[in-house]
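**Q** Build me a structure from this.
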Amino acid sequence: MQVPSVDRPPVRHVAHVPPPVCWFEDCHKDDVPLVGGKCASLGELINAGVRVPPGFALTTEGFRRFIAAAGVAEAVRTLLAGVDTADLAALEAASVRIRRTIEAQPFPEELEDEVAECYRQLSLRCGLPAVPVAVRSSATAEDLADASFAGQQDTYLWIRGIDAVLHHMRRCISSLYTARAIAYRAARGIDDDTLAISVGVQKMANAFAAGVMFTIHPANGDRSVIVIDSNFGFGESVVSGEVTPDHFVVNKVTLDIIHRTVSRKLVCYTVDPKAQASIAVEVPSERQQVQSLIDDEITELAWMGKRIEKHYGRPMDIEWAVDKDLPSGGNIFILQARPETVWSARARTADERPATSAMDYILTAMLAGKKVG
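**A** The predicted structure is shown next:
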């Protein structure tokens with residue numbers, strides 16, 4: 001993950017024309033129209049000094065070039081015409097046909113060359129041939145402060161080799177048209193003709209443990225704590241709800257762990273060394289009730305969460321991983337960060353005011369009967 005200095009390939013584009021591919025570090029939070037919410041956030045984090053695995057994005061310009069060259073836009077409109085989004089069977093059938101149509105199309109040769117060159121450079125930067133990557137969708141209406149599309153499109157883990165990367169990029173693009181995503185947009189009046197998607201290609205963290213972190217309590221909206229859920233392996237088991245994760249509540253000021261629940265974790269995701277693919281495996285019985293994070297890692301994660309919340313100026317929903325291939329002290333990585341959208345959208349009560357200092361947080365916690373130190 002600690003990468004050597006390698007010159008990045010120049011992005012070939014005419015002035016004022018958006019690039020079809022760009023590196024995460026060239027993106028900022030205002031670049032959502034170009035690289036979607038997820039990739040824009042990753043670029044913002046990198047430029048803020050947060051430890052993020054390197055990667056690049058197929059931009060919305062690259063997406064539009066692919067769709068135009070493939071000639072599938074009219075076919076998609078035809079397949080969606082007249083489909084009742086309340087008819088689940090008809091919606092699923094249309095979704096299957098649309099996705100097959102999109103995934104069968106090749107990328108334009110020039111665009112394929114740009115993606116291949118970026119993947120080659122990423123492998124060089126990481127010092128790994130055919131570096132394993134996560135291929136993640138990043139829709140332009142995703143991970144926004146007022147409309148979270150999180151989980152509506154697909155993510156593929158531990159993808160190796162350019163052919164596999166290109167294939168899964170097409171699968172991410174086609175995931176704009178899952179039955180769930182189609183229905184979600186229809187219910188919110190979002191016009192498919194205005195929708196675009198970016199696809200992020202990010203170096204995989206070979207996770208010993210991973211999960212999610214909220215800089216606000218997701219159950220009650222308490223802003224004085226940070227909540228961390230974790231499991232062994234990749235974070236998919238936590239995000240998908242397949243396991244009851246370990247649960248830690250950390251005081252946001254002192255970084256003390258004020259509550260912990262170590263759950264029995266039956267399943268985790270890891271890499272199959274033979275197939276070189278992400279698989280679900282049973283957690284050995286002797287590890288099922290072992291804490292998946294040590295306390296120092298919990299404290300460091302909470303500190304990173306505070307930094308990210310301060311940078312964005314609002315509570316955040318964060319995905320993270322602890323890379324087992326790297327030494328402690330530099331092996332915790334942020335994989336995604338998006339604004340928390342549930343409690344942040346609720347108006348504060350008349351007697352509630354934001355804590356503006358450490359003492360405010362401490363007094364608020366004391367009045368609520370919580371441990372603060």
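**Q** Can you pull the phi/psi pair for the residue nearest to residue 242 when sequence neighbours are not counted?
**A** Counting by CB to CB, 6 or more residues apart in numbering, the nearest residue to residue 242 once its immediate chain neighbours are dropped is residue 267, at 5.7 Å. Every residue, glycine included, has its C-beta placed from N, CA and C. Residue 267 has phi and psi values of phi -130, psi 150 when expressed as degrees, to the nearest 10.
**Q** again, but for residue 280
**A** The phi/psi pair for residue 280 (degrees, to the nearest 10) is phi -90, psi 130.
**Q** Helices of the stretch 1-150 of the chain, start to end?
**A** Secondary structure of the stretch 1-150 of the chain (DSSP state H, counting those that start in this stretch): helices at 32-47, 60-70, 73-80, 88-103, 109-126.
**Q** coming back round to it: count of neighbours near the residue nearest to residue 242?
**A** 16 (other CB atoms under 10 Å).
**Q** okay if I get the helices of the stretch 1-150 of the chain as JSON lines plus distance to residue 314?
**A** JSON lines is the format used below for the helices of the stretch 1-150 of the chain (distance: least, CB to CB, whole Å):
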{"stretch": "helix 32-47", "distance to residue 314": "12"}
{"stretch": "helix 60-70", "distance to residue 314": "25"}
{"stretch": "helix 73-80", "distance to residue 314": "35"}
{"stretch": "helix 88-103", "distance to residue 314": "34"}
{"stretch": "helix 109-126", "distance to residue 314": "31"}
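**Q** could you dump the ones you listed to JSON lines with distance to residue 192, mean pLDDT and mean neighbour count?
**A** Output for the helices of the stretch 1-150 of the chain, formatted as JSON lines (distance: least, CB to CB, whole Å; pLDDT from 0 to 100; neighbours: other CB atoms under 10 Å):
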{"stretch": "helix 32-47", "distance to residue 192": "16", "mean pLDDT": "95", "mean neighbour count": "25"}
{"stretch": "helix 60-70", "distance to residue 192": "11", "mean pLDDT": "95", "mean neighbour count": "19"}
{"stretch": "helix 73-80", "distance to residue 192": "7", "mean pLDDT": "89", "mean neighbour count": "14"}
{"stretch": "helix 88-103", "distance to residue 192": "10", "mean pLDDT": "94", "mean neighbour count": "16"}
{"stretch": "helix 109-126", "distance to residue 192": "22", "mean pLDDT": "98", "mean neighbour count": "18"}
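**Q** Local confidence estimate at the residue nearest to residue 242?
**A** Among the per-residue scores, residue 267 shows a pLDDT of 97.
**Q** wait, which of the helices of the stretch 1-150 of the chain is closest to residue 204?
**A** helix 109-126 (9.6 Å; CB to CB).
**Q** Look up which helix or strand residue 243 falls in, please.
**A** Residue 243 is part of no helix or strand when elements are defined by DSSP states H and E.
**Q** looking at the helices of the stretch 1-150 of the chain, which is closest to residue 20?
**A** helix 60-70 (3.4 Å).
**Q** Please save the CA atoms from the closest one in PDB.
**A** Only the C-alpha atoms of helix 60-70 are listed here, as PDB (Å, rounded to 0.1, in the frame of the first residue of the first chain):
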ATOM      1  CA  THR A  60     -18.800  10.000 -16.500                       C
ATOM      2  CA  GLU A  61     -17.300  11.200 -19.800                       C
ATOM      3  CA  GLY A  62     -15.800   7.700 -20.200                       C
ATOM      4  CA  PHE A  63     -19.200   6.200 -19.400                       C
ATOM      5  CA  ARG A  64     -20.900   8.400 -22.000                       C
ATOM      6  CA  ARG A  65     -18.300   7.500 -24.600                       C
ATOM      7  CA  PHE A  66     -18.800   3.800 -23.900                       C
ATOM      8  CA  ILE A  67     -22.600   4.100 -24.100                       C
ATOM      9  CA  ALA A  68     -22.400   6.100 -27.300                       C
ATOM     10  CA  ALA A  69     -20.000   3.700 -29.000                       C
ATOM     11  CA  ALA A  70     -22.000   0.700 -27.800                       C
END
